[in-house]
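>>> Kindly generate the corresponding structure for this input.
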Amino acid sequence: MLNDIYSRRILELAADIPLQGTMPDAHASAKAHSKLCGSTVTVHLKLDGDVVSAFAHDVKACALGQASSSVMGRHVVGSTADELRALREIMNRMLKAGGNPPSGKWADLAFLEPARDLKARHASILLTFDAVVDALARAQAVTSSDN
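This is a model prediction of the structure:
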C-alpha cells in the first residue's frame, strides 16, 4: 500500500516544487497549518481581475503535501478564482467522499488518490488548496475595496 501512496510520480513531484519563495508585493498571502502532522503551506498571490497572475509559496510538509503543492505551483498562474475554489472541493470529495480526481491540467493530483484511506494525511494534502482559497478571498476583498 505504501508503494501506491508514495509512488514514483508523487516523489518526483515532491522533489520539484516550482515557484517556491515569498512575494513581498503580493495582493494577499495566507497560511494553512495542520495540527495533526505539523505541515505548513504559506502562499502569496497576485490577481489580474479574477485570474492568478503571480504566485509563490513556502512549503513545509510531508511528501504528499509537497506533491499537491508542486501541482498547484505548476498550474495556479492563469487559473481563475472560481476554478481554484472548485478544485479544492474536488480534492475534498476525492479524499473524503470517494469522488473522482481532478482532470485536465490538474490530472497529476490523481496520484494522491491512494491516500484516501490515510485520513491522517488528508490535512497535509489539502493545505495548499485551503491556503490558496484563503488568499484568493483576501486578495479579492482588497481589490474590491480599492475600486
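
>>> Please, where are all the helices along this structure?
2-5, 8-15, 63-75, 81-97, 119-146 (DSSP state H).

>>> can you give me the mean pLDDT across the longest one?
By that I understand helix 119-146. Across helix 119-146, pLDDT averages out at 90.

>>> Go through it and flag the buried ones.
121-136, 138-140, 143 (16 or more other Cβ atoms under 10 Å). From N, CA and C alone the C-beta is placed, and that goes for glycine too.

>>> Over to stretch 50-70?
So, applying 16+ other Cβ under 10 Å, buried residues of stretch 50-70: 52, 54-59, 61-70.

>>> before we move on, what about stretch 6-15?
Residues of stretch 6-15 classed as buried by neighbour count (16+ other Cβ under 10 Å): 6, 10, 13-14.

>>> Serialize those to a markdown table and add fields for distance to S79.
Output for the buried residues of stretch 6-15, formatted as a markdown table (distance: Cβ to Cβ, whole Å):
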| residue | distance to S79 |
| --- | --- |
| Y6 | 27 |
| I10 | 22 |
| L13 | 18 |
| A14 | 21 |
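
>>> if we can go back for a sec, could the helices of the chain go into JSON lines alongside distance to L36?
Below are the helices of the chain laid out as JSON lines (distance: least, Cβ to Cβ, whole Å):
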{"stretch": "helix 2-5", "distance to L36": "16"}
{"stretch": "helix 8-15", "distance to L36": "19"}
{"stretch": "helix 63-75", "distance to L36": "11"}
{"stretch": "helix 81-97", "distance to L36": "14"}
{"stretch": "helix 119-146", "distance to L36": "5"}
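
>>> I figured V41 was touching V59, is that so?
Yes. Assessed by Cβ atoms under 8 Å, V41 is found in contact with V59 at 5.3 Å.

>>> shared neighbours, these two?
Common contact partners of V41 and V59 (Cβ atoms under 8 Å, 6 or more residues apart in numbering): 65, 69, 128.

>>> ok, so what distance separates the last one from A15?
Right, T128. Per Cβ to Cβ, to the nearest Å, T128 is found 16 Å from A15.

>>> what do you get for the second one?
As defined by Cβ to Cβ, S69 lies at a distance of 12 Å from A15.

>>> so where's the chain uncertain?
By pLDDT under 70, the weakly predicted segments of the chain are 1-4, 143-147.
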